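*Asks:* Can you look at this prediction? I've put the sequence above it.
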Amino acid sequence: MNSRFKKFDQVKIPYSLTLVALTFLAIFGVGIGGSAYRKNEEGNELYRKGKYEEALKAYTEAQLSAPESPELHYNIGNVLYRMGKYSEAAEAYAKALFSEKKELKSFSHYNNGNTKFMGGDLKGAIESYIESLKINSDDQDAKKNLELALLRTKEQQKQQRQKEQEKQQGGQQEQKEEEKKQDSEMKDSERSQQPGSQDMKQKQDRKSEEEKRLLGAIEEQEREALKKSLQKIKQEEKKIEKDW
């Protein structure tokens, strides 16, 4: 948790403290009087009480008299940040950067970095922290959050590389499975184009049966021929016996 109080020359209200580790949200007083001053005071009080909707309304009303006040843009940025409206907060901080006050510019860069960090824009957050440190190189909070953003960036890069490796490995596995499937399909196709072993066996069986049938027919013919020959011989023997 980074907490700090600092004095700002033209700030009528001492700005607030950091409420969470990442954030540093101060509130500034406007350097003008009249209704803008009163509304800003009202907004600051509501901000301290956590009444952010009402604080935003008060700051917005203050802008009617001081529309270009960088302090008001900064305070509005803080409220929007608390409300989780990071993109709108970043716009408000960007407008606060037009201030001539170095400290306000440094805080605006710093809070803008926090806003970008929370919004997932680590690169933008790093750039904002660096800009803040260019103005105030002794800002320990900015240094810590810069280190945190750099560390988180490295972690994300590492996770991204792991995902890419897993995706690549998954792709290679899918390719192997596809090749295996294609090879199996090709073999099935080749087998379908060749006589199957069952068909071959059936053909061989039919051939064997045909051969047996033919062989049987030949043997029958031979037996008939032999039978006829024997009958003929017997008839000739009878004729010879009569001659005797």
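*Replies:* Right, received. Where do you want to start?
*Asks:* so who does the residue nearest the centre of the chain touch?
*Replies:* The residue lying closest to the centre of the chain (C-alpha atoms, centre = their mean) is residue 163, at 7.8 Å. Residues in contact with residue 163 (C-beta atoms under 8 Å, 6 or more residues apart in numbering): none are found. All C-beta atoms are positioned from the backbone trio N, CA, C, and that covers glycine.
*Asks:* Next one: the residue nearest to residue 66 when sequence neighbours are not counted from residue 72, what distance?
*Replies:* Closest residue to residue 66 apart from its sequence neighbours, by C-beta to C-beta, 6 or more residues apart in numbering: residue 36 at 4.0 Å. Distance of residue 36 to residue 72, given as C-beta to C-beta, to the nearest Å: 8 Å.
*Asks:* Give me the neighbour count for residue 143.
*Replies:* 15 (other C-beta atoms under 10 Å).
*Asks:* ok so, going back, pLDDT of the helix or strand encompassing the residue nearest to residue 66, averaged?
*Replies:* Counting by DSSP states H and E, the element that carries residue 36 is helix 34-48. Averaged across helix 34-48, the pLDDT comes to 90.
*Asks:* got it, and stretch 84-97?
*Replies:* 93.
*Asks:* how about that stretch: buried residues?
*Replies:* Buried residues in stretch 84-97, counted by 16 or more other C-beta atoms under 10 Å: 85-86, 88-97.
*Asks:* For these, give me TSV that also has distance to residue 235 and secondary structure.
*Replies:* Converted to TSV, these look like this (distance: C-beta to C-beta, whole Å; DSSP: H, G, I helix; E, B strand; the rest coil):
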residue	distance to residue 235	secondary structure
85	131	coil
86	129	helix
88	133	helix
89	134	helix
90	132	helix
91	134	helix
92	138	helix
93	137	helix
94	136	helix
95	141	helix
96	142	helix
97	141	coil
